[in-house]
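*Asks:* Have a look; sequence and predicted model below, questions after that.
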Amino acid sequence: MLNIVILAAGLGKRMQSNLPKVLHTIAGRSMLAHVLDGARALNADSIVVVVGHGAEQVKTAFCTQTDLQFALQEPQLGTGHAVQQAIPLLKEDGEDDVTIVLYGDVPLVQLSTLQALLDARQEGLAVLTEILPDPTGYGRIVRDLNGKVRAIIEHKDANEAERAIKEVNTGIIAAPTAALKRWLAQLNNNNAQGEYYLTDIIGMAVADGVNVAVAHPQASFETLGVNSRMQQAELERLWQSEQARRQLEAGVTLADPARFDVRGQLVCGRDVFIDVGCVFEGLVTLADGVRVGPHCVLRDAQIGAGTQIEAFSHLDQAQVGHDARIGPYARLRPGAKLSNHTHVGNFVEIKNTNLGEGSKANHLAYVGDADIGARVNIGAGTITCNYDGVNKFRTVIEDDAFIGSDTQLVAPVRVGRGATIGAGTTLTVDAPADQLTISRVKQTTIAGWTRPVKKAK
């Protein structure tokens, strides 16, 4: 059985926030959500989140995730005390049972590192350690003359020689579950902070003849925790730099890797180009040859090969076919499905609409709740009037129709194949195929009319 305990009870006082620290975000997701991703990737049999400050907020944030169990730490008396609260929820099935301890404010530990920790633990207990040029504040890894780990000494309890040690404890461990329970029961708080240190179990393991192995993270950002807004911002940029590096190595061209944000998962084909200031949220897929202009936001979007998205466009839960052109300043809202070779231009908003192949809406239009055929032209200023204040209705525009500028299509309404709607029309009745339909007040000129002028004071 594999148990994972995530410590998430801290106050986070330096965050200066009413939100529990572990609910603050990195790359658009809470720190605790990142940690849970790693736990689930290991196929854990049990995931226990130890909560304390803001416990109800944390539970509410994850109330739909049925694979989680919560243990309350109240009051907060140290990391050892926190893990003690999880003991009743740990599963056991035999000698091979393992418990990993993670931290809700250390969000970016990668799966490969966790797997290396588990592999090292096969010899007994394993600790994730790191070599730091400045280890101030960290617990030091104390080894004997043979290089074996003997203990972890917290910074405040370390003497001068111990403080000179560069190898530090990250706090992340993997231990045999039965032995962990026994060691936790023996903890005391005879130390400078009057807390029950989880790290004290290392000395107990050594005393019991249990081998203490170490594993190391592949990247330094993996073990960085967040205790302040500054640290949160620094870790955000480190993670975005890592995201950029991965995309560059996969062949994506980034105009400036320092101005690139992925807040979810970005999947790119070959020869994709992304300009500065773009944000990708949720799952975004860019097929071969897609070009994304500056300062675009894409959320849960699928973009076909060869499509160009021009500057300042927003695409949310939208699908776009190949060789389309979007923007600049276009907005595709949820349910927008654009076929191949479509054009959606500046200040055009499309929502819950199917736009057929080769159709275009190039200027200043709103198209909502519509089914539009192929090769349709939608003129500037056109809107579908799809909402009567209570209900929404659909507009249907068949293939090869031409919708003149400043047209209002009052749904439910259908425009027949090849029909032309004259500029300025308010269409309230179906327009027949291959005919011109127009509704317009007859133009008149009033002879002798003059503009009013201001009276002299």
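*Replies:* Received it, and whenever you're ready, just let me know what you need. From a predicted model like this one, the values you see are computed outputs, not experimental measurements.
*Asks:* Using neighbour counts, pick out the buried residues of stretch 8-15.
*Replies:* A8, A9, G10, G12, M15 (16 or more other C-beta atoms under 10 Å). From N, CA and C alone the C-beta is placed, and that goes for glycine too.
*Asks:* which residues are in contact with stretch 82-94?
*Replies:* Under the criterion C-beta atoms under 8 Å, 6 or more residues apart in numbering, residues 1, 3, 5, 7, 9, 45-46, 48, 50, 52, 69, 71-73, 76, 97, 99, 101, 177-178, 180-181, 184-185, 187, 196, 198 lie in contact with stretch 82-94.
*Asks:* C-alpha coordinates for it, PDB please?
*Replies:* Extracted as PDB, the C-alpha positions of stretch 82-94 are listed here (Å, rounded to 0.1, in the frame of the first residue of the first chain):
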ATOM      1  CA  ALA A  82       1.000  17.000  11.700                       C
ATOM      2  CA  VAL A  83       1.800  13.500  10.400                       C
ATOM      3  CA  GLN A  84       0.600  12.000  13.700                       C
ATOM      4  CA  GLN A  85      -2.900  13.300  12.900                       C
ATOM      5  CA  ALA A  86      -2.900  11.300   9.700                       C
ATOM      6  CA  ILE A  87      -2.000   7.900  11.300                       C
ATOM      7  CA  PRO A  88      -5.600   6.600  11.700                       C
ATOM      8  CA  LEU A  89      -6.200   7.100   8.000                       C
ATOM      9  CA  LEU A  90      -3.000   5.300   6.700                       C
ATOM     10  CA  LYS A  91      -3.600   2.000   5.000                       C
ATOM     11  CA  GLU A  92      -1.600  -1.100   5.800                       C
ATOM     12  CA  ASP A  93      -1.400  -4.400   4.000                       C
ATOM     13  CA  GLY A  94       2.100  -5.900   4.800                       C
END
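*Asks:* tell me how far it is from the chain's mean position?
*Replies:* Mean-position distance between stretch 82-94 and its chain equals 30 Å (C-alpha atoms, centre = their mean, to the nearest Å).
*Asks:* contacting residues around the closest residue to E123 other than its chain neighbours?
*Replies:* Spatial nearest neighbour of E123, chain neighbours left out: N211 (4.7 Å); criterion: C-beta to C-beta, 6 or more residues apart in numbering. Neighbour list for N211: E123, G124, L125, K148 [criterion: C-beta under 8 Å, 6+ apart].
*Asks:* again, but for A456
*Replies:* By C-beta under 8 Å, 6+ apart, A456 has no neighbours at all.
*Asks:* Kindly state the pLDDT recorded for it?
*Replies:* Looking at A456, its pLDDT reads 84.
*Asks:* So it belongs to a helix, correct?
*Replies:* No - counting by DSSP: H, G, I helix; E, B strand; the rest coil, A456 falls outside a helix, being coil.
*Asks:* and R414, what helix or strand is that in?
*Replies:* strand 413-415 (DSSP states H and E).
*Asks:* now swap in I47 and tell me
*Replies:* strand 46-51.
*Asks:* Strand partners (parallel or antiparallel) of that strand?
*Replies:* Sheet partners assigned to strand 46-51 using DSSP bridges are listed as strand 2-8 (parallel), strand 68-72 (parallel).
*Asks:* hmm, who's touching the first one?
*Replies:* Strand 2-8 is contacted from outside by 20, 22, 32, 35-36, 39, 42-52, 58, 79, 82-83, 86, 90-91, 97-105, 177, using C-beta under 8 Å, 6+ apart.
*Asks:* do that again at 7 Å, thanks
*Replies:* Residues outside strand 2-8 that contact it (C-beta atoms under 7 Å, 6 or more residues apart in numbering): 22, 32, 35, 39, 42, 44-51, 58, 79, 82-83, 86, 90-91, 98-104, 177.
*Asks:* Cross the residues you listed against strands and list the overlap.
*Replies:* The strands, defined by DSSP state E, take in S46, I47, V48, V49, V50, V51, V98, T99, I100, V101, L102, Y103 from these.
*Asks:* biggest separation within the residues you listed, which pair?
*Replies:* V51 and V98 (22.7 Å; C-beta to C-beta).
*Asks:* the more surrounded of those two?
*Replies:* V51 (27 against 22; other C-beta atoms under 10 Å).
*Asks:* so what pLDDT did the nearest residue to the more buried one once chain neighbours are set aside get?
*Replies:* In space, not counting the residues next to it along the chain, V51 is nearest to V58; the distance is 4.9 Å by C-beta to C-beta, 6+ apart. With respect to pLDDT, V58 scores 97.
*Asks:* V58 and K21 touch, don't they?
*Replies:* No - V58 is beyond contact range of K21, at 9.8 Å (criterion: C-beta atoms under 7 Å).
*Asks:* Roughly how far does the residue nearest to V51 sit from L7?
*Replies:* Distance, V58 to L7, by C-beta to C-beta, to the nearest Å: 12 Å.
*Asks:* More neighbours: those two, which one.
*Replies:* Higher neighbour count among V58 and L7: L7, with 28 against 25, using other C-beta under 10 Å.
*Asks:* Quick check: that one vs P88, distance?
*Replies:* 16 Å.
*Asks:* Also I100?
*Replies:* I100 sits at a distance of 18 Å from P88 (criterion: C-beta to C-beta).
*Asks:* more neighbours, those two?
*Replies:* A count of neighbours by other C-beta under 10 Å puts I100 above the other of I100 and P88, at 24 against 10.
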